[in-house]
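Trainee: need coordinates for the following:
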Amino acid sequence: MKKIFCLWFCLVGAALSAQAQNAALACGNGRYSTKLFPDPPNTTTGVVFGYNYSRNYATGRDSLVALKLDVYEPAGDNMTVQRPLIILAFGGAFLQGSRQDADIVAICQEFAQRGYVTAAIDYRLIENKLNNLVAIYFDQTRLTDEVIRAVGDMRASVRFFKHSAANNNPYRIDPTKIFVGGFSAGAITALEVGYTDNVADN
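Mentor: Numbers count the residues shown, from 1 in each chain. Just a heads-up that it's a prediction; the model follows:
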């Protein structure tokens, strides 16, 4: 079973705990429970974590999409401890939205100031054109396919961070403590990531 945990934001304050010994020591100074790093987080924007195709069902046309994320890290964090990672996805009914939406940015900054590494990801959206929306309306399995695409994109972001952790770990994350969450459609995506295994990504 994949070591990916799904969190609900109403419980997130109590859901994250440090299990490694050095992480336990870090918690003693208020890390993870208080804004131990009050300065604006260090932010790396526009990191490409993969490529995949989006589809217009009316025309049958596929378009290659670059999948990007923004990483938020605690400013002035000089501890050597590996940090839990929270990956967040925006809402918007799978039709609209961005990793730079204000609510996602705010929660990423909040948790980074508490000592986590956070990442806001983009994922493929339904092409918001009338002919495509009509095509999806008359075949609901296509909407399911779009949700599966979003799930595949979030999983790709998890793989990206695990790979980076295995290669010099530039973000200093603990790859055994990766959490996913989001708002609205992003929360649905995170739930699917957390509760489904062995589903082919496309």
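Trainee: CA atoms for contacts and neighbours, from now on please.
Mentor: Will do.
Trainee: now the helices for the protein?
Mentor: 12-15, 21-27, 102-113, 130-137, 140-166, 185-195 (DSSP state H).
Trainee: for stretch 82-101, measure first residue to last.
Mentor: With C-alpha to C-alpha, to the nearest Å as the measure, stretch 82-101 spans 28 Å from end to end.
Trainee: got the buried residues for that stretch?
Mentor: Within stretch 82-101, the residues scored as buried using 16 or more other C-alpha atoms under 10 Å are 82-91, 94, 97-100.
Trainee: same check on stretch 149-161?
Mentor: The neighbour-count check on stretch 149-161 (16+ other C-alpha under 10 Å) flags Arg149, Ala150, Val151, Gly152, Asp153, Met154, Arg155, Ala156, Ser157, Val158, Phe161 as buried.
Trainee: now Ala187, nearest residue through space, not along the chain?
Mentor: Using C-alpha to C-alpha, 6 or more residues apart in numbering and skipping residues adjacent in sequence, the residue nearest Ala187 is Gly181, 5.5 Å away.
Trainee: what about the nearest residue to Pro38 once chain neighbours are set aside, distance to Asp153?
Mentor: Excluding the flanking residues, the one nearest Pro38 by C-alpha to C-alpha, 6+ apart is Gln113, at 5.7 Å. Gln113 is 26 Å from Asp153, where distance means C-alpha to C-alpha.
Trainee: now for the top strand by length along the chain, which elements pack on it?
Mentor: When the chain is parsed with DSSP state E, its longest strand is strand 42-56. If contacts are counted by 3 or more C-alpha pairs under 8 Å, 6 or more residues apart in numbering; DSSP states H and E, strand 42-56 sits against strand 61-73, helix 140-166.
Trainee: how about 6 Å then?
Mentor: strand 61-73 (3 or more C-alpha pairs under 6 Å, 6 or more residues apart in numbering; DSSP states H and E).
Trainee: who's the residue sitting nearest the centre point of the chain bridged to?
Mentor: What sits nearest the mean C-alpha location of the chain, by C-alpha atoms, centre = their mean, is Ile87, with 2.9 Å. On the basis of DSSP bridges, Ile87 is bridged to Ala119, Val180.
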